[in-house]
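**Student:** Fold the following.
(one chain, ligands or ions: 1)
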Amino acid sequence: MTAPSPAPQLILASASPRRRDLLARLGIEPARIAPADIDETPGEGELPRPYAIRMAREKAVAAASPDGYVLAGDTVVAAGRRILPKTEDEESARRCLSLLSGRRHRVFSAIALRAPDGTIREKLSETAVRFKRLSAAELDAYIAGGEWHGKAGGYAIQGAAEGLIAWIQGSHSGVVGLPLYETRTLLASANLIAG
Ligand SMILES: Cc1cn([C@H]2C[C@H](O)[C@@H](COP(=O)(O)OP(=O)(O)OP(=O)(O)O)O2)c(=O)[nH]c1=O
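**Tutor:** Okay, here's the model as predicted:
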């Protein structure tokens, strides 16, 4: 009789506490957190969807390990063909929110799972979001709240912004950072969760 092989470990390649919390909702605690430090500059003319997938894959590869599966994600807010930045200052947050005000945009949330043998599987969630038309007072109040800091597109749906979102179609968890349906499916395909 051969000894049972140890369960493969799951490494979460993310510095985001939101991704860890979302993964916990699937009952999974990663064996290790290994944030991936990659160049996140979009390529010249790169479109939001392939960019999100490329980033998730590159993060998974950057955190590669011979003894575990690596899960990585990337969330991109897109206004048409434009990739909106992670806003680091008030001015860029204002610019993003003014652009999103009263119109529909898309959020692409890609996840990638790298197996110990180097095989990479990926999935993409696509969510359409529509903000109400923001008054100057609403915009000022949101900016003053500071929740835009470091967030793709200048907002966080898990905070006050949800009160300004009139409609959403797709995956709420995907917008926050880890689409739970796609993540569960991906983990099940690698037998890391019951399928
Ligand atoms: C649109 C939106 C974005 N965000 C955030 C999540 C991410 O911080 C950011 C997208 O950036 P990401 O590059 O996807 O993730 P990250 O830099 O936070 O973490 P890591 O690469 O280490 O995994 O936008 C929200 O938290 N809520 C939202 O509603």
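
**Student:** Look at the closest residue to Val76 other than its chain neighbours and say how many residues are nearby.
**Tutor:** Spatial nearest neighbour of Val76, excluding adjacent residues (C-beta to C-beta, 6 or more residues apart in numbering): Ala52 at 4.2 Å. Glycine gets a C-beta too; all of them are placed from N, C-alpha and C. Each residue near Ala52 was counted by other C-beta atoms under 10 Å, and the total is 27.

**Student:** quick one: Ala52 from Glu40, how far?
**Tutor:** Separation of Ala52 from Glu40 (C-beta to C-beta, to the nearest Å) stands at 11 Å.

**Student:** so which strand or helix has the residue nearest to Val76?
**Tutor:** Following DSSP states H and E, one finds Ala52 within helix 48-62.

**Student:** Show me which positions of that helix end up buried.
**Tutor:** 48-49, 51-62 (16 or more other C-beta atoms under 10 Å).

**Student:** ok, now stretch 23-31?
**Tutor:** Leu23, Leu26, Ile28, Pro30, Ala31.

**Student:** can that stretch be found next to the ligand?
**Tutor:** No - using C-beta under 6 Å from any ligand atom, we find that stretch 23-31 stays clear of the ligand, coming within 11.2 Å at best.

**Student:** Check the separation of the first and last residues in that stretch.
**Tutor:** Taking C-alpha to C-alpha, to the nearest Å, the first and last residues of stretch 23-31 lie 12 Å apart.

**Student:** contacting residues around it?
**Tutor:** Here stretch 23-31 makes contact (C-beta atoms under 8 Å, 6 or more residues apart in numbering) with 9-12, 20, 68, 71, 173, 178, 180, 183-184, 187, 192-193.

**Student:** which among the residues you listed are in contact with the ligand?
**Tutor:** Of the contacts of stretch 23-31, not one also sits near the ligand (C-beta under 6 Å from any ligand atom).

**Student:** Ala128 should be in a strand, yeah?
**Tutor:** Yes - looking at Ala128 with DSSP: H, G, I helix; E, B strand; the rest coil, it is inside a strand.

**Student:** quick one: low-confidence ranges for the protein?
**Tutor:** 1-7 (pLDDT under 70).

**Student:** could I get the buried residues of helix 48-62 as a markdown table with distance to the ligand?
**Tutor:** Output for the buried residues of helix 48-62, formatted as a markdown table (distance: C-beta to the nearest ligand atom, whole Å):
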| residue | distance to the ligand |
| --- | --- |
| Pro48 | 12 |
| Arg49 | 14 |
| Tyr51 | 11 |
| Ala52 | 8 |
| Ile53 | 12 |
| Arg54 | 12 |
| Met55 | 6 |
| Ala56 | 8 |
| Arg57 | 12 |
| Glu58 | 10 |
| Lys59 | 6 |
| Ala60 | 10 |
| Val61 | 13 |
| Ala62 | 10 |
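
**Student:** Since that was my last question, I'll sign off now.
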